[in-house]
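1. need coordinates for the following:
(one chain, ligands or ions: 2)
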Amino acid sequence: MCSDQASKDTIGKAYTREEALQLDGSDCLRHLRPEFIIPTKDDLRRKTLSSQSTSTEFQEEFCVYLCGNSLGLQPRRSAGHVSDYMKAWATKGVLGHFKAHQDSTIPPFVNIDDVAAQQMAPIVGALVSEVAVMETLSANLHLMMASFYRPTEKRYKIILEGKAFPSDHYAVESQIRHHGLDPERAMILMEPLDSDQATITTSQVMATIDQHALTTALILLPGIQYYTGQYFDIRTITAHAHSHGITIGWDLAHAVGNVELQLHDWDVDFAVWCSYKYLNCGPGAIGGLFVHDKHSQVDREAIGNGHEGYRPRLSGWWGGDKATRFQMGSHFVPIPGAAGFQVGNPCALAICPLLASLEIFAIASMPAVRSKSIMMTNYLEELLQRSTSTATQDGMEELYWIITPRSTAERGAQLSIRLQPGLLEGVMMELEEQGVVVDERKPDVVRVAPAPLYNTFSEVWDFVAIFDLACRKAKSKKTNNSQGSGLLGGTEDKGWSLIK
Ligand SMILES: Cc1ncc(COP(=O)(O)O)c(C=O)c1O
Ligand SMILES: Nc1ccccc1C(=O)C[C@H](N)C(=O)O
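-> Ligands and ions are numbered 1, 2, ... in the order given. Next up is the predicted model:
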């Protein structure tokens, strides 16, 4: 089952677990699941890292991990890459910087960032010269704003969402203060227009841009919003910003490795991302940035003639021309392209898991990843919807609803599910008990993200079965607590509506 069959009809009819298993059988990325280490339920339960128990009760049963939007699972091959790095460092010392080794999976340390950028470029739809693998998302955001946020008396505002990921909010606020400006005046925060809606429409973004067109210096938006899972229309919004002469940057933390990006063709000015979510590179893994080629040219002649010759930035030696980097001069000439925005020597160790992960993406290809992702998330949506509509037909209350946009073009892998107030804690406890890993956002949202490289349709099926029951349990417990024991609110015994 590949891209051409990715219709809601095909998967929408797979209501039984057997049918979910059939979907797994025809999944054209199924050969990649063994590339990943999937924790077992026993792994999650015990208090040690290695198994000490002789019981086999849970050892072989995989957990249902639908949390790749927060931290992706570990590719098996990343340990080999890290081990090769350790060996190269141990056996070659400083020579490891410059020499390649036939039996190693990793390039010489001094080039490792370039190799990573080459492999990263197709994931974000960029020219190789437009990508640098470096630092963390938040640090890169600061570096990008140092270069692209150049407020003037007339144009000084930054437009962002009111509920941006906190790090983005802090970064913007501190940049504004850094320029001696007042965030109260300079930060334009967009909130959803309708209080029932969690998302911000493209037309609202465009209207906000229009409203502040003459005074805005920069727009910063998420490719995919971390809380709602909304996928913004990057191309349209970027073009609209440019029509007013405004620079626009994108936080792609939740978009990279999730949806097919075309940053170069969409004419994005800059973008930043982290690599620990859909890119599966481990906690706090090295981040990345994109700078459109049009912003990173270097005019060598101009540099010597009293002009800058390149876009201003916060510079360090790793962003400097490679040919002269080790001459230890004090005359900075940047590498043309995104690499010229690097500051210090990137951590080669941190790049090893990225190389390992990108090998898997190269085998899979982004179009295939996205195609399966659309199918899985549609399937998740369909099962959740069917389960709530069956429940309401049976006279039960709706206990949860999806706040992520319904159109596949407006979302990635993640669905955010809002629970009736007061259910979250009970639901999360039950999910943990059952070996299901998803992510909660208090007070009442559960984020669920099937990752196409390692998740299966049957895991999605299992999740919905367990989740639906968990919601009903939490509801009846809450009702019991408020009404005294013995009143189950009519929900306890009905179980999950899809289990036939
Ligand atoms: C949307 C978004 N922006 C920024 C961050 C922060 O990234 P980092 O801590 O890697 O700088 C995250 C995740 O932590 C995120 O989801
Ligand atoms: N870096 C982390 C460290 C600890 C716990 C969560 C994170 C996350 O990445 C959260 C993620 N950005 C999110 O969208 O929720």
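
2. show me which residues of the chain are close to ligand 2?
-> For the chain, the contact set with ligand 2 under C-beta under 6 Å from any ligand atom comprises 70, 226, 253. For the C-beta atoms, the positions are set from N, CA and C on the backbone; glycine is no exception.

3. switch to 5 Å and redo it
-> residue 226 (C-beta under 5 Å from any ligand atom).

4. show me where the chain dips below the pLDDT cut-off.
-> Along the chain, segments meeting pLDDT under 70 span 1-12, 52-59, 304-306, 484-500.

5. domain ranges for it?
-> Domain segmentation of the chain under automatic domain parsing yields 8-27+38-72+366-479, 87-358.

6. could the ones you listed go into a markdown table alongside mean neighbour count?
-> Shown next, in a markdown table, are the domains of the chain (neighbours: other C-beta atoms under 10 Å):
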| stretch | mean neighbour count |
| --- | --- |
| domain 8-27+38-72+366-479 | 19 |
| domain 87-358 | 19 |
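
7. the ones you listed: which one's closest to residue 78?
-> Closest of these to residue 78 is domain 87-358, at 4.0 Å (criterion: C-beta to C-beta).

8. mind checking which of the domains of the chain is nearest residue 79?
-> Residue 79 sits nearest to domain 87-358 of all the domains of the chain, at 8.3 Å, using C-beta to C-beta.

9. so residue 430 touches residue 474, yeah?
-> Yes - with contact defined as C-beta atoms under 8 Å, residue 430 and residue 474 form a contacting pair (6.8 Å).

10. what's the overlap in contacts for these two?
-> Common neighbours of residue 430 and residue 474 are not found (criterion: C-beta atoms under 8 Å, 6 or more residues apart in numbering).

11. now residue 188. Its backbone dihedrals?
-> As for residue 188, its main-chain torsions (degrees, to the nearest 10) stand at phi -100, psi 110.

12. skip the chain neighbours and tell me the closest residue to it.
-> Spatial nearest neighbour of residue 188, excluding adjacent residues (C-beta to C-beta, 6 or more residues apart in numbering): residue 159 at 4.4 Å.

13. show me where the chain has strands.
-> For the chain, strands defined by DSSP state E occupy the ranges 64-65, 131-133, 157-161, 187-190, 216-222, 247-251, 270-273, 288-291, 400-402, 415-419, 436-437, 439-441, 445-448.

14. and the ones you listed as JSON lines, adding distance to residue 168?
-> As requested, the strands of the chain are exported to JSON lines (distance: least, C-beta to C-beta, whole Å):
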{"stretch": "strand 64-65", "distance to residue 168": "27"}
{"stretch": "strand 131-133", "distance to residue 168": "19"}
{"stretch": "strand 157-161", "distance to residue 168": "7"}
{"stretch": "strand 187-190", "distance to residue 168": "11"}
{"stretch": "strand 216-222", "distance to residue 168": "6"}
{"stretch": "strand 247-251", "distance to residue 168": "6"}
{"stretch": "strand 270-273", "distance to residue 168": "9"}
{"stretch": "strand 288-291", "distance to residue 168": "14"}
{"stretch": "strand 400-402", "distance to residue 168": "24"}
{"stretch": "strand 415-419", "distance to residue 168": "18"}
{"stretch": "strand 436-437", "distance to residue 168": "26"}
{"stretch": "strand 439-441", "distance to residue 168": "16"}
{"stretch": "strand 445-448", "distance to residue 168": "18"}
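
15. out of those strands, flag the one nearest residue 298.
-> Of all the strands of the chain, strand 288-291 comes closest under C-beta to C-beta, at 12.2 Å.

16. the closest one near ligand 1 anywhere?
-> No - contact of strand 288-291 with ligand 1 is not found when judged by C-beta under 5 Å from any ligand atom; the minimum separation is 10.5 Å.

17. show me what that strand is packed against.
-> Strand 288-291 makes packing contacts with helix 112-124, strand 131-133, helix 137-148, strand 270-273 when contacts are defined by 3 or more C-beta pairs under 8 Å, 6 or more residues apart in numbering; DSSP states H and E.

18. quick one: strands adjacent to that strand?
-> strand 131-133 (antiparallel), strand 270-273 (antiparallel) (DSSP bridges).

19. report the backbone C-alpha coordinates of stretch 426-446 in PDB.
-> C-alpha atoms of stretch 426-446 as PDB (Å, rounded to 0.1, in the frame of the first residue of the first chain):
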ATOM      1  CA  GLY A 426      -6.700   9.400  35.000                       C
ATOM      2  CA  VAL A 427      -6.300   8.800  31.300                       C
ATOM      3  CA  MET A 428      -2.500   9.200  31.300                       C
ATOM      4  CA  MET A 429      -2.200   6.900  34.300                       C
ATOM      5  CA  GLU A 430      -4.200   4.200  32.500                       C
ATOM      6  CA  LEU A 431      -2.200   4.600  29.300                       C
ATOM      7  CA  GLU A 432       1.000   4.300  31.200                       C
ATOM      8  CA  GLU A 433      -0.300   1.200  32.900                       C
ATOM      9  CA  GLN A 434      -1.100  -0.300  29.500                       C
ATOM     10  CA  GLY A 435       2.300   0.500  28.100                       C
ATOM     11  CA  VAL A 436       1.100   3.300  25.800                       C
ATOM     12  CA  VAL A 437       3.400   6.300  25.400                       C
ATOM     13  CA  VAL A 438       1.900   9.600  24.300                       C
ATOM     14  CA  ASP A 439       2.400  13.200  25.400                       C
ATOM     15  CA  GLU A 440       0.200  15.300  27.700                       C
ATOM     16  CA  ARG A 441      -0.200  19.100  27.600                       C
ATOM     17  CA  LYS A 442      -2.000  20.300  30.700                       C
ATOM     18  CA  PRO A 443      -4.800  21.000  31.500                       C
ATOM     19  CA  ASP A 444      -6.600  18.700  29.000                       C
ATOM     20  CA  VAL A 445      -4.700  17.900  25.800                       C
ATOM     21  CA  VAL A 446      -3.100  14.600  24.700                       C
END
